[in-house]
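> Any chance you could fold what I've pasted below:
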Amino acid sequence: MNFNRHYIDNFYYFINYIDDEIKKNILKFKNISLIISKENYNNNPILNNIIKFSKKNNIKFYIQDDYQLAINLGASGLYLSTNNNKIPIISKKNFLLIGHVHSQKQYYFKNLQRCMQIIFSPLFYNKKYNEAQILGISKFNLITLNWKKNVTCLGGVNEKNINQIKMLKVTSIGFKSFIEARKKKPVYFKSRRV
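Modelled structure (predicted):
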C-alpha cells in the first residue's frame, strides 16, 4: 500500500530502542520527531544512540517529564505525560511543550501547563486499552471540536486504519510500535500543511 497520498504536518514516534532497521524506517518519514520515554534514561547506550542519531540527521527529539535532562541533552522540548501534574517553569526560548491526554479534563490541565501540542489517545484499538477506552473517529472529533491547540492522534495506527485519519482535524500522527512493525515493509509518508 502506498501512503504517499496521506498528507500530515508532522509525526511523533515514541522510541524505546534503536537499531539499523529502525533508523532506516525513521528516515523514510518527512518531518518526524522522536519522543524519548523515561525507560531509556537509565540506559546510557540506548539514550546516547538515539540522541546521536537525532542530531546527526537533524531530527527533533523530546524528553519525557524531565526538563533539566531535556536542557542538558539539547532537546527541542518536553513531553508531559498524562501522569505529569507539575507546572514546568521554562526559561528556554523555542522550547515546545507537548501534552498527552485521554480526556477533556486532562486537556484543560495541559493548557495550564502551557502545552502547545496535544497528543490525544487512544484513537484505535490496541492491547494497552480496553474497548470502552477507545475513542474512535466520531468521539475523537466530537471531543476535540473546540480545542485551540494543535492535536496529534495516537493509538493503534496501522495499515488497516490509516485512511480514517483523513477524517480527523489533526496536524500530526503519533505512534509507538508502527515503525518496529515496518521493519520488513517501511511505510512512506509525505508531509505538507493541511
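> going forward, measure contacts between C-alpha atoms and count neighbours the same way
Noted.
> can you list contacts of the longest helix that the chain contains?
Ordering each helix of the chain by length in residues (DSSP state H) puts helix 44-56 first. Under the contact criterion C-alpha atoms under 8 Å, 6 or more residues apart in numbering, helix 44-56 has outside partners Tyr17, Ile18, Lys23, Leu34, Asn40, Tyr41, Lys60, Phe61, Leu73.
> between the residues you listed, which is closest to Leu168?
Nearest to Leu168 out of the contacts of helix 44-56 is Leu34 (C-alpha to C-alpha; 22.1 Å).
> which residue sits closest to that closest one in space, ignoring its chain neighbours?
The spatially closest residue to Leu34, leaving aside those adjacent along the chain, is Phe61, at 4.5 Å (C-alpha to C-alpha, 6 or more residues apart in numbering).
> The one you found touches Tyr79, doesn't it?
No: checked against C-alpha atoms under 8 Å, the pair Phe61 and Tyr79 is beyond contact range at 9.5 Å.
> So for the two, which residues contact both of them?
Ile35.
> what bridges to the spatially closest residue to Tyr12 that is not a sequence neighbour?
In space, and not counting its chain neighbours, Tyr12 is closest to Gly174: 4.5 Å by C-alpha to C-alpha, 6+ apart. For Gly174, the beta-bridge partners are Tyr12, Leu154 (DSSP bridges).
> quick one: Gly174 from Ile165, how far?
Remark: distance between Gly174 and Ile165 (C-alpha to C-alpha, to the nearest Å) = 11 Å.
> again with Gly99
Separation of Gly99 from Ile165 (C-alpha to C-alpha): 20 Å.
> out of the two, which sits in the more crowded spot?
Gly99 (28 against 17; other C-alpha atoms under 10 Å).
> what's near enough to touch the more buried one?
Residues in contact with Gly99 (C-alpha under 8 Å, 6+ apart) are Tyr79, Leu80, Ser81, Thr82, Lys110, Cys115, Met116, Gln117, Ile118, Ile119.
> So the second one sits against Leu96, correct?
No: the criterion here is C-alpha under 8 Å, and Leu80 misses it with Leu96 at 10.5 Å.
> who has more neighbours, the two?
Ranked by neighbour count (other C-alpha under 10 Å), Leu80 and Leu96 place Leu80 first, with 27 against 18.
> How about the contacts made by Asn57?
Not one residue lies near Asn57 by C-alpha under 8 Å, 6+ apart.
> Could you pull up phi and psi at it?
In terms of degrees, to the nearest 10, the main-chain angles of Asn57 are phi -100, psi 10.
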